[in-house]
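> Got a predicted structure plus its sequence, pasted below:
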Amino acid sequence: MIQSPIAGPKDPDIKEDGQTATRPRIDKPKMYKVLLHNDDYSTMEFVVEVLMSVFRKTKVEANRIMLSVHSSGQGVAGIYTREIAEAKTGQALDLARSRAYPLLVTTEPE
């Protein structure tokens, strides 16, 4: 059988005997939220700085999240895979400790 050049490559899901091949199922990784918690000492400016430098938020996004933290007690800084969420949590905590702020940053499953 001659394949037309327009038809493209054979379908990889169809075996030579006409049966459909099964592909292994790849599950999406579990995602984790990084939460910033309100306290009476960390300044709003510092929280915005953390959101911009560690979580790569724009100034507008950082201000929106900071106001959420301030008004409701916590805000979502981002949603990441476990390893990235833990790394960003550590970076934010390190920055807070280096500036003597008691900012609480936690990670929880989404």
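That came in fine, so what should we check first? Residues are numbered from 1 along each chain as shown.
> This structure: helices as residue ranges?
Counting by DSSP state H, the chain has helices at residues 44-53, 59-72, 82-98.
> between those helices, which one is nearest to P29?
Closest to P29 of the helices of the chain, according to CB to CB: helix 82-98, at 7.2 Å. Every C-beta, even on glycine, is put in place using the N, C-alpha and C of the backbone.
> can you list the helices of the chain in a markdown table and add mean pLDDT and distance to T107?
Shown next, in a markdown table, are the helices of the chain (pLDDT from 0 to 100; distance: least, CB to CB, whole Å):
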| stretch | mean pLDDT | distance to T107 |
| --- | --- | --- |
| helix 44-53 | 97 | 15 |
| helix 59-72 | 96 | 15 |
| helix 82-98 | 97 | 5 |
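> export these to TSV and tack on distance to T106 and mean neighbour count?
As requested, these are exported to TSV (distance: least, CB to CB, whole Å; neighbours: other CB atoms under 10 Å):
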stretch	distance to T106	mean neighbour count
helix 44-53	14	18
helix 59-72	12	15
helix 82-98	7	16
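> quick one: which of the ones you listed is nearest N38?
N38 lies closest to helix 59-72 among those, at 5.2 Å (CB to CB).
> Report the distance from the closest one to the chain centre.
Taking CA atoms, centre = their mean, to the nearest Å, one finds helix 59-72 lying 17 Å from the centre of the chain it belongs to.
> Residues contacting it, please?
Identification of contacts with helix 59-72 by CB atoms under 8 Å, 6 or more residues apart in numbering yields 36-38, 44, 47-48, 51-52, 55, 57, 74-77.
> tilt between it and helix 44-53?
Interaxial angle of helix 59-72 relative to helix 44-53 (axes from the mean of the first three to the mean of the last three CA atoms, to 10 degrees): 130 degrees.
> Output helix 59-72 as PDB, restricted to C-alpha atoms.
Backbone C-alpha positions of helix 59-72 (Å, rounded to 0.1, in the frame of the first residue of the first chain) are rendered in PDB as follows:
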ATOM      1  CA  LYS A  59       2.900  45.000  41.200                       C
ATOM      2  CA  VAL A  60      -0.900  44.900  40.600                       C
ATOM      3  CA  GLU A  61      -1.200  41.200  41.300                       C
ATOM      4  CA  ALA A  62       1.100  41.500  44.400                       C
ATOM      5  CA  ASN A  63      -1.000  44.400  45.800                       C
ATOM      6  CA  ARG A  64      -4.300  42.400  45.200                       C
ATOM      7  CA  ILE A  65      -2.900  39.400  47.100                       C
ATOM      8  CA  MET A  66      -1.400  41.500  49.800                       C
ATOM      9  CA  LEU A  67      -4.900  43.200  50.400                       C
ATOM     10  CA  SER A  68      -6.400  39.700  50.500                       C
ATOM     11  CA  VAL A  69      -3.900  38.700  53.200                       C
ATOM     12  CA  HIS A  70      -4.600  41.900  55.100                       C
ATOM     13  CA  SER A  71      -8.400  41.700  55.000                       C
ATOM     14  CA  SER A  72      -9.100  38.000  55.200                       C
END
